[in-house]
Every structure is written in C-alpha cells, then in structure tokens.
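Participant: 3D, please:
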Amino acid sequence: MRTLTIIIALFFSTFIIAQAQEAKSSFQDKFDVTTPVQFKASVSDGFIHVTPSEGSSIKILYIVRKGNSFVEISREELAEYIDINITHSSELVDVTVKHLKEYRWNDWKDSYNVSLEVYVPKETSCHLQSSDGDIKVKGLSGKQKCRTSDGDIIVYGINGNVDAQTSDGDITTQDVVGNVNFTTSDGDVQADNVEGDATFITSDGDIEMYNIIGFTTAKTSDGDIVFKDLAGTFKGQTSDGDITGNIVKLNSELRLSTSDGDIRVAVPKGLGLDLYLKGEDLNTNLEDFSGQAKEHLIQGKVRGGGVSIELTASDGRITLAYE
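Facilitator: Numbers count the residues shown, from 1 in each chain. Sure thing, here's the model as predicted:
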C-alpha cells in the first residue's frame, strides 16, 4: 500500500476542515500585505501550519498549550513566560517565539508552548523553523524553507523550490513544481509528483519516490529505496537496503549502489546503453551486447551504447529488465 497517498489525503482533509473552521486560538494577529510576500516564523516548542487564504493579509493564530492542554491566556499574561517578537511590513512578516527561561526535560508539564496556525496569500514564500514540532505547508507559490529539530515536515501543492530539513522526523511531499532538497537524520522520505531536480537524503530510513521528473538523487545509510515512474537522471545509494523501481524515461545516467541488498530496476526498451553491472548474482537480457559478461560482472554496450547504467551490489542480486 502506498502510505504516502493516505498521509497526504489526511493532511489535505485537515486543511479543508481548518479553512472551513479556524483552529481554536488563545489570541490572534492580522497584517495587511502586498503579494508576493515573505513569511518567516520561528517557534521554540510547537508546530507551524501554513494554509493559503483569499485576500491580501496574513493571519496568525497563536495556540498556547501547557503540558498537553490548550490554555485560554492573553498575550499580556503569556509575556511573563514567552517572548513574541514581530517585525512586519507590506512585504514581510517575521514572527519569533522564545521561552524566557530554560526548562528541564521533566518540567514540560509546567511550561507553556506556542504553536502557529497561519493563513497567508497564495503568493507567499516561507521560512519556517521549530525546535520541537511539525511543519506543514500547503498550496503556495514561492520558495519554501522548513527546519525542525524533532518533528515531521509535510509540503503539498507547491509551485516553487522547497528546502526541508529535520533532525528526527519524516519528510513527505506531493505535487511540487520546482527543485526540492530534503534531508532527515532519522526518518523516512516520501515524495509523489515532483517536477524538478530532487535530492532526498536520510541517515536512517526509507526513501519512496513516485512520478519524479528531473535529476534525482537519493541516499540513505540504512534503508530501502523504492521508486516508480521516474523520468530523467537518477543516482541512488544505500548502505544496507534494497533498491527497487522503474524508469519511464532515462536521459543520461542511472547509477545505483547498495552495500548489502538487492537491486531490481526496469528501464525503457530499445535504448542504447553503456552497461556496468557488478554483484553476487546478475540477471538481465544481453541481446545485441558487446563486451564482457562474467558471473559477477557485466560490462559493455547494448545496441551500440549510449545512456550510462551502472548498478553495483556488493553482497546482493541485480536484476535489470526492459519494459
């Protein structure tokens, strides 16, 4: 089952509900702006959700919690514990939320945290940062930059470049026209329908990609790489996992490697190839082939050569099919 589709569907439905009925908030701000506009936000310990809305204003709902419970509190009352600093003009709104004192890990029940539910014009570029919370962005035109130390990132329906990084969480995206750069230290990366150059990196997790068009790079230290209907150029690497998928259009290069796993990949029929396969067990059709074909190494040209395909599995099987 493609869990990515389910995740995105749930995410999309929550945005529809949010637009129909705003989230409960402790207090709010609203700023008139001109488009395109920049929105920047940094929170110490909370989530940031950004949704497009009609009109030419940015509306910020501050959701204050103490422990796990929502708190009815005014801005003035909260100022004893939390500093909210705002810089704004017609072209930029910048919000920074900071704790006024340090809390130990076991003091969380006594500490306040502030999350942001934000409604912006569609033509908004965002720079969002959370120390310990999720970041979700939907339906914007412009560059999006997301950073969280311990949370998930979801971006959906973006017309512009996306740069997302989390230290300990998953990154999920769908329907992006623009270049994407995703990095997580300990989580999965899932992407569906990206039109642009894409880089996906995780230190400890799986990478799933569907309908990616462009120059794609995927690296994981300990996980599988799964892809379907990729077009362009693809480089994939994992230290301990399988690589599985198909290419519908191969422009210049396919380079895949795994230290401890199998590679199963399909490419379009009829291509001229410069072929290099190295692994414990090799399975491919060598029709119209010139070169050397040994038990653990195949190197040569298919149909006179052309597109470069290099597949290496230090301790695994390699299957190259044509479809």
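Participant: from here on, just use CA atoms for contacts and neighbour counts.
Facilitator: Fine.
Participant: what about the helix or strand hosting residue 62, distance to the chain center?
Facilitator: Element membership of residue 62 [criterion: DSSP states H and E] is strand 57-66. With CA atoms, centre = their mean, to the nearest Å as the basis, strand 57-66 stands 25 Å off its chain's centre.
Participant: buried residues in it?
Facilitator: 57-65 (16 or more other CA atoms under 10 Å).
Participant: stretch 307-323 too?
Facilitator: So, applying 16+ other CA under 10 Å, buried residues of stretch 307-323: 307-320.
Participant: for residue 208, give me its contacts.
Facilitator: Residue 208 makes contacts with 189-191, 225-227, as judged by CA atoms under 8 Å, 6 or more residues apart in numbering.
Participant: and which of these is nearest to residue 157?
Facilitator: Within these, proximity to residue 157 (CA to CA) peaks at residue 191, which comes in at 11.8 Å.
Participant: so what's that closest one bridging to?
Facilitator: residue 173, residue 209 (DSSP bridges).
Participant: just checking, next helix/strand downstream of the lowest-mean-pLDDT helix or strand in the chain?
Facilitator: Taking mean pLDDT, DSSP states H and E as the measure, helix 3-20 is the helix or strand of the chain with the lowest mean score, a mean of 48. Sequence order places strand 27-32 as the next helix or strand after helix 3-20, per DSSP H and E.
Participant: now the angle from whatever helix or strand comes next after that next one to strand 57-66?
Facilitator: As assigned by DSSP H and E, the chain's next helix or strand after strand 27-32 is strand 37-43. Here strand 37-43 runs at an angle of 10 degrees relative to strand 57-66 (axes from the mean of the first three to the mean of the last three CA atoms, to 10 degrees).
Participant: please state the offset of strand 37-43 from the chain centre?
Facilitator: Its chain's C-alpha centre lies 19 Å from the corresponding centre of strand 37-43 when counted by CA atoms, centre = their mean.
Participant: again, but for stretch 216-232
Facilitator: In terms of CA atoms, centre = their mean, the centre of stretch 216-232 is found 13 Å from the chain centre.
Participant: what about that stretch, start to end distance?
Facilitator: Terminal residues of stretch 216-232 lie 8 Å apart, using CA to CA, to the nearest Å.
Participant: which residues touch it?
Facilitator: Against stretch 216-232 from outside (CA under 8 Å, 6+ apart): 197-215, 233-252.
Participant: mean confidence score for it?
Facilitator: Regarding stretch 216-232, the rounded mean pLDDT is 96.
Participant: what's the answer for stretch 280-288, then?
Facilitator: Stretch 280-288 comes out at a mean pLDDT of 94.
Participant: only alpha carbons, please: show it as CSV.
Facilitator: Output of stretch 280-288 as CSV, limited to C-alpha atoms (Å, rounded to 0.1, in the frame of the first residue of the first chain):
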residue,chain,number,x,y,z
GLU,A,280,26.8,-11.6,-6.5
ASP,A,281,24.1,-12.6,-9.0
LEU,A,282,23.3,-10.8,-12.3
ASN,A,283,20.1,-11.2,-14.2
THR,A,284,19.5,-9.2,-17.5
ASN,A,285,18.9,-9.6,-21.2
LEU,A,286,22.1,-9.2,-23.2
GLU,A,287,20.6,-9.0,-26.7
ASP,A,288,22.8,-7.0,-29.1
